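1. Following is a predicted model, sequence given first.
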Amino acid sequence: MTMKARMDFRKASPQGAKALGELHAFVKHCGLDHTLLELVKLRASQINGCAHCIDMHTKELRAAGESEQRLYLLDAWEESPFYSERERAALAWTEALTLITEGHVPDAVYAQARAEFSEEELANLTLAIVAINGANRLNIAFRTVPGSYQVARQQAAE
């Protein structure tokens, strides 16, 4: 089966794409750990079934030195001993927000997240989840074809 994009939303709405890109840029530099953010982005993308974003974020994680074991087990993180308490809190928060219609972010998930993240960190983590869910929805709606994403080489200043 040949995959074909419906349209390129970036070309159709350059200002909209720029606005979403600015949110992603903020998240990238908000102070949260790169690996943590990429795990969150990959988990939300798995839940949403966004092939383009799954491709992108697995490549980002591999480039950052993430183990294959943690990549393969992310879908079953709750049953895997390979994630820190902070990562577990972030992944639970990600799932609650991504699946918002299934419980509206339970108090227990909020308490778990607040035990691991300051208010600012949790607000920024939430913005990261908003950004990836938005990207997932755009890429799914317009059938962005996965496979072409390449990890940008990090600047020496980063």
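-> Looks like it arrived, so ask away. Predicted, not measured: the structure shown is a model, and the values here were computed from it.
2. going forward, measure contacts between C-alpha atoms and count neighbours the same way
-> Will do.
3. nearest spatial neighbour of Met24, skipping sequence neighbours?
-> Not quite, residue 24 is His, not Met. By the measure of Cα to Cα, 6 or more residues apart in numbering, the closest residue to His24 outside its immediate chain neighbours is Ala131, 6.3 Å from it.
4. so the one you found makes contact with Leu23?
-> Yes. With contact taken as Cα atoms under 8 Å, Ala131 and Leu23 are classed as touching, separated by 6.6 Å.
5. between the two, which one's more packed in?
-> Ala131 (19 against 16; other Cα atoms under 10 Å).
6. From Leu125, how far out is that one?
-> Here the criterion is Cα to Cα, to the nearest Å. By it, Ala131 lies 10 Å from Leu125.
7. can you check Ile47 too?
-> Here Ile47 is placed at a distance of 17 Å from Leu125 (Cα to Cα).
8. cool, and Thr94?
-> If you measure Thr94 against Leu125 using Cα to Cα, the figure is 9 Å.
9. More neighbours: which of these two?
-> Neighbours per residue (other Cα under 10 Å) separate Thr94 from Leu125, with Thr94 holding more: 27 against 24.
10. Asp107: neighbour count?
-> The burial count assigned to Asp107 is 10, neighbours taken as other Cα under 10 Å.
11. The residue nearest to His24: what's it in contact with?
-> The contact partners of Ala131, by Cα atoms under 8 Å, 6 or more residues apart in numbering, come to Leu20, Leu23, His24.
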